[in-house]
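In: How does the following fold in three dimensions:
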Amino acid sequence: MYINNVKFAKSAHRIDSELVLESVERIQEIGEYKGTIKYTLEGGVDRLNRPTLILSIYGIISALCQNCLQPLEFSIENQTPITIFFNEDQLDAALFSESESDVSDGVLAEDEFDVVQLVEDEVIMLLPYAAKHDSCIGLSYHDEVESPFNVLKQII
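Out: Modelled structure (predicted):
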């Protein structure tokens, strides 16, 4: 789905939709994540009258625990304000300047802005590095494992 992100923001439009993770190739390359993510994209302007998108994402994701390899479900919920800039210099100055900036995320103005790619990018950033149960029955780095050489020594 493509939008003109500046017109969308200034007109205060809203999109409510879903993203099925099994159908997203970029997410499946990371891991076998399953579930449906619901998202809302709302347009508006910030206190400096800059066009802004607010992306809200929420849902329950299924994966395999990287510790015990058993099914695991976790929820994600996030809201991100995204300021739209008209050139890269403005964007870089807002995101990377050493002075305090109220911009947490930004994009360039586009006539054909890919909403689904924006949602995919945000979901990828919200996925855990290694999904694990809070109290997993598998081994962790705190567990002590008997050395295989000690086992061999007992056999010999």
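
In: Which strand or helix spans residue 83?
Out: Assigned by DSSP states H and E, residue 83 falls within strand 71-85.

In: residue contacts, residue 104?
Out: Applying C-beta atoms under 8 Å, 6 or more residues apart in numbering to residue 104 gives the contacts 80-81. Where C-beta positions appear, they are placed from N, C-alpha and C, glycine not excepted.

In: try 10 Å
Out: By C-beta atoms under 10 Å, 6 or more residues apart in numbering, the contact list for residue 104 reads 80-83, 94-95.

In: Beta-bridge partners for the residue nearest to residue 10 when sequence neighbours are not counted, please?
Out: Leaving aside its chain neighbours, residue 10 sits nearest to residue 51 (5.5 Å; criterion: C-beta to C-beta, 6 or more residues apart in numbering). Applying DSSP bridges to residue 51 yields these beta-bridge partners: residue 45.

In: How much space separates residue 51 from residue 6?
Out: Distance, residue 51 to residue 6, using C-beta to C-beta, to the nearest Å: 5 Å.

In: who's more crowded, the two?
Out: Each of residue 51 and residue 6 has its neighbours counted (other C-beta atoms under 10 Å); residue 51 has more, 22 against 19.
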